[in-house]
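Asker: here's a sequence, model it:
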Amino acid sequence: MAAAGAHAMSSDKRKAVRITRPIEVLYSADCPPIRATIADLSDKGMFLDTQHSLHVGDVITFDLQLPGQEDQPNIQGHGRVVWIEPLVGVGIQFLDLDQSVSDRIRFWVATEFFGTAD
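Answerer: A predicted model of the protein is given here:
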């Protein structure tokens with residue numbers, strides 16, 4: 001059984017398990033860094049809760065800390081805006097994440113989705 005806030009997106013093009021948990025992020029698209037919230041996260045991308053003007057195709061840089069991994073380095077990378085929900089936010093697809101970073105996100109998502117063995 002999936003944890004609260006976890007779901008697999010089967011009704012749309014996304015196949016990755018996504019975790020709906022607010023995560024603070026700093027991002028920039030050719031501007032000073034903007035503090036925002038990630039509304040959901042997978043190893044392939046994220047939904048960024050922002051009303052900052054972004055357009056499909058824009059590339060952003062981001063810096064985030066996964067909850068419970070404060071002893072690990074922040075995750076930094078680039079993403080491309082792939083869809084927009086006006087006045088709500090944007091869908092970001094990760095670009096060129098190092099395999100170890102992608103694995104780290106995937107493990108965190110799986111742990112949130114399935115829980116930990118106690």
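Asker: name every strand pairing with the top strand by length along the chain and say which way it goes.
Answerer: Taking DSSP state E as the criterion, the chain has its longest strand at strand 75-85. Note on strand 75-85: by DSSP bridges, its sheet partners are strand 59-64 (antiparallel), strand 89-95 (antiparallel).
Asker: how about the one helix or strand residue 107 maps to: buried residues?
Answerer: Under the criterion of DSSP states H and E, residue 107 resides in helix 99-114. For helix 99-114, a neighbour-count test (16 or more other CB atoms under 10 Å) marks 101, 102, 104, 105, 108, 109, 112, 113 as buried. For the C-beta atoms, the positions are set from N, CA and C on the backbone; glycine is no exception.
Asker: residues near residue 98, how many?
Answerer: Using other CB atoms under 10 Å as the criterion, residue 98 is surrounded by 11 other residues.
Asker: and the gap between it and residue 105?
Answerer: The gap separating residue 98 from residue 105 is 11 Å, by CB to CB, to the nearest Å.
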